[in-house]
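>>> My questions concern the predicted model and sequence given below.
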Amino acid sequence: MGVITYAQAARLALQQEMQRDPRVWALGEDIGPEGGVAGQYLDLQREFGRHRIVDTPISESTIMGSAIGAAICGTRPVVELRYADFGLCAADEIVNQAAKARYMLGGQVRVPVVIRQPIGFREGMAAQHSQSTEAWWVHIPGLVVVAPATPADNHALLKAAIRSDDPVIYMEHKELWTTTGEVDAQAAPAPLGRAAIRREGGDLTLVTWSGMLGDSLAAAEAAQSKGVSVEVIDLRTLWPWDRDTVFDSVARTGRLLVVHQAVKVGGFGAEITAEVAEHLFGALRCAPRRLGAPRTPVPYAQPLEALCRVAPTQIVSSALAMLAET
Amino acid sequence: MGVITYAQAARLALQQEMQRDPRVWALGEDIGPEGGVAGQYLDLQREFGRHRIVDTPISESTIMGSAIGAAICGTRPVVELRYADFGLCAADEIVNQAAKARYMLGGQVRVPVVIRQPIGFREGMAAQHSQSTEAWWVHIPGLVVVAPATPADNHALLKAAIRSDDPVIYMEHKELWTTTGEVDAQAAPAPLGRAAIRREGGDLTLVTWSGMLGDSLAAAEAAQSKGVSVEVIDLRTLWPWDRDTVFDSVARTGRLLVVHQAVKVGGFGAEITAEVAEHLFGALRCAPRRLGAPRTPVPYAQPLEALCRVAPTQIVSSALAMLAET
Amino acid sequence: MSLPLGLSVERIHAMYQRMLLMRAFDEHAGLARRENRLRGSVHEYTGQEAIAAGVCAMLRPADYISSYHRGHGHCIAKGADPAAMMLEIYGKAGGVCGGKGGSMHVADFSLSILGANGVVADGVTIAVGAAQAVRLLGEERIVVAFFGDGALNRGPMLEALNWAKVYDLPILFVCEDNGYSDHTRTASVTAGPGIVARAEAFGIPADSIDGNDLLAVACAAALLVGEVRTGKGPRFLHATTCRWRGHLALDRGLYRDPEEVAGYAAQDPIARIAGWLLDNGVAQATLDGDAAAAAGRIADAVALAEAAPCPDEAQLFTDVQDAGASSWA
Amino acid sequence: MSLPLGLSVERIHAMYQRMLLMRAFDEHAGLARRENRLRGSVHEYTGQEAIAAGVCAMLRPADYISSYHRGHGHCIAKGADPAAMMLEIYGKAGGVCGGKGGSMHVADFSLSILGANGVVADGVTIAVGAAQAVRLLGEERIVVAFFGDGALNRGPMLEALNWAKVYDLPILFVCEDNGYSDHTRTASVTAGPGIVARAEAFGIPADSIDGNDLLAVACAAALLVGEVRTGKGPRFLHATTCRWRGHLALDRGLYRDPEEVAGYAAQDPIARIAGWLLDNGVAQATLDGDAAAAAGRIADAVALAEAAPCPDEAQLFTDVQDAGASSWA
Ligand SMILES: Cc1ncc(C[n+]2csc(CCOP(=O)(O)OP(=O)(O)O)c2C)c(N)n1
Ligand SMILES: Cc1ncc(C[n+]2csc(CCOP(=O)(O)OP(=O)(O)O)c2C)c(N)n1
Ligand SMILES: [Mg+2]
Ligand SMILES: [Mg+2]
């Protein structure tokens, strides 16, 4: 395929899965002629028709509820919720129905639905269009949570999500839509629950995902020039998360830094940090650290929004400070 | 007042606040003649009329949205959502409006609303009526989160919540409704953000709240007989949580055990554990631990539900194991 | 007497037998709950049996139904095994959901029953999705969504009506109007000219009938199911009825007039149709036998359920999810 | 010409001036967004001005309004200062929300403006709550909720209609029907006989008018506001209109016919009412002066906004919450 955008990679994955399996379909607002907020559905309605790329009313509860019903009854819907913020309009259906139906019904049904909820800041989208809510879904039994950081992953993980028989919360990052990367169109679905070590390093383990991967790698590069070797792990899947890879790395480096764009308090970084503290206490050479957004709504004004973002310099200085502690 | 139930204590607090301030009112399903699922509104409609104890349609989004509008416009609504599970039907309004309105509008408005979302297992209520979702709300900037464990606290904290100008998620525990305790009817509102040390101890700090306080105290007693002195901290308010009290205690004991009924993965215990690991790393004498429900929906069958509950014996054995580690 | 729409005394008689089974099942379930022989929420269907019986009698095995918290009757009407249901509400091994769901989640997918549901109106959005799947897969089935009058005030319910008509889905909405939303009179929290008008405002043809009259239900259902089956799009049936018991088995009952409840007996859908069966040549002895058979079947189910073992502890971790159901969580 | 309902040429002229201000404001806002001089989502109100102008002209300062994502026009119509609004959408200090809200959250509570809103229909549930507060506090105000045609498919919107009628609240619902829900033709995802029928199904009297005709809007609003103010309960106004620009300033516009859009100019509510004003004795020079004044006022606002400093960094942590806004979070 060559180099394409993150949005195009997602589009390709969906297209391939829809070609492969007639039970796969997508529904959401404005995914037809408009092709989705980032063109991630562009022209798919032309290819697959109005019954498989379904433009819906502004009815988030029913978008989600109907997808659950359709999933239980033998199809494989891909739900587009546009922004994770609007995912909250369907929180009940996601948590009380999608996540639990299989269990409550004693295994009689499966709910193979992909629930796309793009996350993250995007230039001035302000308080109601900028949230990263991954921590919520990780907390809910029954859900898989995926957060791809690269075009290749958005292709291979979306394929995996569509083929999964579990309900998958699929969180693309809005600021990644236009980023580009090499994508192998023939790539197999990526295994869920497998992290990628994006950069090897011996002094400190940096765990991140989604929109913070780029800045984390840049920071690691900068830290290297100050003599600190940072291993950067991209989790890719937040539930299940790749505890083995993280634990192996922390066992080697003795230091853990988790970086995410979501609010730090109660973010998924807390879970990783707690797990590492519980299980690798003896291996830790200094206190673990977390970096995330402050506990404020996302402000509109540019410099205020910028303050909510974890800056590469913050990552570097945290890494240096951790090395200095021991 | 003497000894009353947790439900009666809540009723008393609301009654007193409604007598004190005509702007206070309550709305929700079946809070009128029926007096709420636990009698926590019993006879209040008779006292205050249908305009201040408002029976609503089954319209969670609008129950919540209208309370927000009414709060912005000068009243102090108390929203009854019956079960935290149904709170998910109003997640959008809580997160995107109640929590953010003041901030987005640059401080022009306040949203003094109390959002009652009872949590926890209650004898066989199964997957859709048993969740403890406190971790979600702690993660949301703008919200206060309160979880009283005793009748006295349900009285004094509900008063505080009603007088707070912030939106407060107020989480009563369903299995506590009928528990009894001494309540001073004249008690002042309890300060938000202040924990209570329910039992002093020198070997280990146990942090808990809500429905797990009783079992934690019982476990502490049992541990004492095995020579382990457990300090039991009841957080009472989860946001803001009383970091000072917890840190002071852990600094003394060197050991942290967090116990909650919510699912362990991504629960609020992760945040406490991560904060302690980050800030008191040097003081820790062994790995911190968390106890919570497994990551499964809540099953109906009694022995399966029982397995989801943190048992006092588990607390004791965790405490003993932690002491043995060092 | 000649009956329209392919109905016959035999078919009505069979519906009657199902109604007896529902009644016996829920009279026991409520009692067992009050005696703490089982746990959780039990919502008795007693008094409303004609609706499930009349509607489900018009369905084929492949047709989906979705139900709500008051769901035992619909399952029985669609053919679920009362013994497996009883095991379920007792939380026992062998329950139709393995004991993991309980009363609010009884379902038998092998009979195309999508399940009871503990969240008001959520079963309706699931039902429209089922209809969408039917359409997409080119299947012959139709879908019936049962729900209460209280559900008509929940946004998702109203969205689902619009949705069904926008996509012209093969679904029949059945509103069981017992006048109450939990402990509140539905009329006191519901505005406008009525439930039928609400459905029509979304372009869905709607009928209103006496839901305590099995013949009326069966006739209306036969017509509407036929229309849905022949691709005419969604239809709506509004059936008035009476909820004899409390909202749930442990209801304190502070909100309604005991006299009103006492008056419900005169509407008893079972007694009414029994009278009609007698008038149409079914012997009293036969009806007595039917009652005894239903009682016996439920008694057997109860005995089985009370004696059955609980689910194995390992069941806690099964059927959570494929990816990430690891033991360390 | 004599006008009904207390209307006069002078009052219409004043509304016209407000419309010019709205037009100039949003024509600039859209442009500035396309030129990346400001950020985020900007939804232009261009073409719909008669609705906000005609309705808000009937309101008193204390009357609340709530709006939606396309909210600039409503704020201006209710009297908000365009300079403070411009500062806001530029994210600058002195913005009406301190620069923290942006286009989707403009509000001026001192003028009883509850704000634009980024979530479809949420402003409507907030509005019914405002009406409830008014009732509870025994105030004289009424509430107007503005929203688009697309909102009629969201559950909370429909719940709110029921709610308003159940409690007979002093609220006027105003649906601005521009035919589009974002990039989708609303008609393609909306079932039933129409928006008026939906409102009526919840017992709310509803009127439909040409929303591009300021006189029609003003007359209808005068009547309905009067009814609401005199305690007759909720009312609903359905106003058809045209959305000249993209759904938002960065719209790719792949979904609609350029010819259709070109045709909107013939409906221009500003041109139409300008013609009427000329016919009714207002001089062309006066109208020219109005246009120049509006342009000048917006130009000044832009100059101010472009030159203004950003909010102080400390603002990040203000107005989050009283309890628990500690720096360690
Ligand atoms: C979303 C939601 N809100 C509230 C409840 C609590 N609740 C359970 S049943 C019920 C009343 C339902 O009334 P109706 O739909 O008429 O059914 P009925 O019980 O009369 O059969 C309520 C409010 C719920 N289960 N789900
Ligand atoms: C709950 C929710 N879903 C989706 C969106 C995305 N969205 C923003 S505006 C819009 C269309 C609204 O259409 P309409 O109500 O007719 O208003 P218009 O834009 O035409 O003025 C949509 C779908 C949203 N903001 N909120
Ligand atoms: Mg009912
Ligand atoms: Mg529109």
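Ah, there it is. Numbering: from 1, shown residues only, chains lettered A, B, ... in the order given. Ligands and ions are numbered 1, 2, ... in the order given.
>>> three-state assignment of A:E182?
Recorded secondary structure, A:E182: strand (DSSP: H, G, I helix; E, B strand; the rest coil).
>>> Count residues in the vicinity of the closest residue to it other than its chain neighbours, would you?
Leaving aside its chain neighbours, A:E182 sits nearest to A:V3 (5.6 Å; criterion: C-beta to C-beta, 6 or more residues apart in numbering or on different chains). Just so you know, the C-beta spots here come from the backbone N, C-alpha and C atoms, and that holds for glycine as well. Other residues near A:V3 number 10, with proximity taken as other C-beta atoms under 10 Å in any protein chain shown.
>>> quick one: A:V3 and A:A185 touch, right?
No: counting by C-beta atoms under 8 Å, A:V3 sits too far from A:A185 to count as a contact (11.9 Å).
>>> pLDDT score for the residue in the stretch 101-250 of chain C positioned nearest to ligand 1?
The nearest approach of the stretch 101-250 of chain C to ligand 1 comes at C:G148, 2.3 Å away (C-beta to the nearest ligand atom). We have a pLDDT of 98 for C:G148.
>>> Repeat that for C:A325.
C:A325 is given a pLDDT of 79.
>>> In contact with it, which residues?
By C-beta atoms under 8 Å, 6 or more residues apart in numbering or on different chains, the contact list for C:A325 reads B:295, C:317.
>>> what's the nearest residue to the residue of the stretch 101-250 of chain C closest to ligand 1 once chain neighbours are set aside in contact with, if anything?
In space, and not counting its chain neighbours, C:G148 is closest to C:E176: 5.6 Å by C-beta to C-beta, 6+ apart. C:E176 makes contacts with C:48, C:51, C:70, C:146-149, C:211, C:239, C:241, as judged by C-beta under 8 Å, 6+ apart.
>>> What is the nearest of the residues you listed to ligand 4?
The shortest approach to ligand 4 among the contacts of C:E176 belongs to C:F147, at 29.9 Å (C-beta to the ion).
>>> Contact residues of the stretch 151-300 of chain C facing ligand 3?
Selection of the stretch 151-300 of chain C residues close to ligand 3 by C-beta under 5 Å from the ion yields C:178, C:180.
>>> follow-up on the earlier one: the residue nearest to A:E182 in helix, strand or coil?
Put simply, A:V3 is strand when judged by three-state DSSP.
>>> hmm, back to that, contacts only, for the residue of the stretch 101-250 of chain C closest to ligand 1.
By C-beta under 8 Å, 6+ apart, the contact set of C:G148 is C:68, C:70, C:120, C:175-178, C:181.
>>> one more time with 7 Å, if that's ok
Contacts for C:G148 (C-beta atoms under 7 Å, 6 or more residues apart in numbering or on different chains) come out as C:68, C:70, C:176, C:178.
>>> In strands only, show me the residues you listed.
Counting by DSSP state E, those place C:E176 in strands.
>>> and the contacts of C:G148, which are buried?
The neighbour count (16 or more other C-beta atoms under 10 Å in any protein chain shown) marks C:68, C:70, C:176, C:178 as buried among the contacts of C:G148.
>>> I'd like the distance between the residue in chain A positioned nearest to ligand 1 and C:P156.
Nearest residue of chain A to ligand 1: A:D92, at 7.1 Å (C-beta to the nearest ligand atom). Applying C-beta to C-beta, to the nearest Å, the value for A:D92 to C:P156 is 8 Å.
>>> residues bridging contact with the two, i.e. touching both?
Shared contacts of A:D92 and C:P156, defined by C-beta under 7 Å, 6+ apart, are found at C:D122.
>>> out of those two, which sits in the more crowded spot?
Remark: of A:D92 and C:P156, C:P156 carries more neighbours, 34 against 29, as counted by other C-beta under 10 Å.
>>> List the contacts of the more buried one.
Applying C-beta under 7 Å, 6+ apart to C:P156 gives the contacts A:61-62, A:65, C:121-122, C:124-125, D:155.
>>> Try it again at 8 Å.
A:61-62, A:65, A:93, C:121-122, C:124-125, D:155.
>>> now, which of the contacts of C:E176 lie within strands?
Checking those against DSSP E, those in strands are C:146-148, C:239.
>>> which of those residues tops the neighbour count?
Tallying neighbours with other C-beta under 10 Å puts C:F146 at the head of those, with 30 neighbours.
>>> if I look at it, how far off is chain B?
Using C-beta to the nearest C-beta, to the nearest Å, C:F146 is found at 16 Å from chain B.
>>> What residues are bridge-paired with that residue?
For C:F146, the beta-bridge partners are C:V174 (DSSP bridges).
>>> centre of the chain versus whichever strand in chain A runs longest, how much separation?
Longest strand in chain A, counting residues (DSSP E): strand A:256-263. Chain-centre distance of strand A:256-263: 13 Å, with C-alpha atoms, centre = their mean, to the nearest Å.
>>> and after it, which helix or strand comes next?
Downstream of strand A:256-263, the first helix or strand assigned by DSSP states H and E is helix A:268-279.
>>> packing partners for the helix or strand just after that following helix?
The element immediately downstream of helix A:268-279 (helix or strand, assigned by DSSP H and E) is strand A:289-293. Applying 3 or more C-beta pairs under 8 Å, 6 or more residues apart in numbering or on different chains; DSSP states H and E, we find strand A:289-293 packed against strand A:256-263, helix A:268-279, helix A:312-325, helix B:268-279.
>>> quick one: strands adjacent to strand A:289-293?
Note on strand A:289-293: by DSSP bridges, its sheet partners are strand A:256-263 (parallel).
>>> buried residues in the partner strand?
Buried, per 16+ other C-beta under 10 Å, within strand A:256-263: A:256-263.
>>> Same list (these) but as CSV, adding distance to ligand 3 and pLDDT.
Shown next, in CSV, are the buried residues of strand A:256-263 (distance: C-beta to the ion, whole Å; pLDDT from 0 to 100):
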residue, distance to ligand 3, pLDDT
A:L256, 54, 98
A:L257, 55, 98
A:V258, 49, 98
A:V259, 51, 98
A:H260, 45, 98
A:Q261, 45, 98
A:A262, 41, 98
A:V263, 41, 98
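>>> Among the residues you listed, which one sits closest to chain D?
Closest approach to chain D among the buried residues of strand A:256-263 (C-beta to the nearest C-beta): A:V263, at 8.5 Å.
>>> and chain A, what are its domains?
Listed domain ranges for chain A are A:2-183, A:196-324 (source: automatic domain parsing).
>>> pLDDT averaged over the first one - what is it?
Think domain A:2-183. Confidence over domain A:2-183 (mean pLDDT, whole number) is 97.
>>> thinking again about what came up before, give me whichever of the domains of chain A is most buried.
domain A:2-183 (a mean of 25; mean count of other C-beta atoms under 10 Å in any protein chain shown).
>>> Pull the distance from that domain to the chain's centre.
For domain A:2-183, the distance to the chain centre is 11 Å (C-alpha atoms, centre = their mean).
>>> Establish whether it and ligand 4 are in contact.
No: using C-beta under 5 Å from the ion, domain A:2-183 never reaches ligand 4; the gap is at least 9.7 Å.
>>> which bits of the stretch 201-326 of chain A sit near chain D?
A:264-265, A:294-297, A:299-304, A:307-308 (C-beta under 8 Å from any C-beta of the partner chain).
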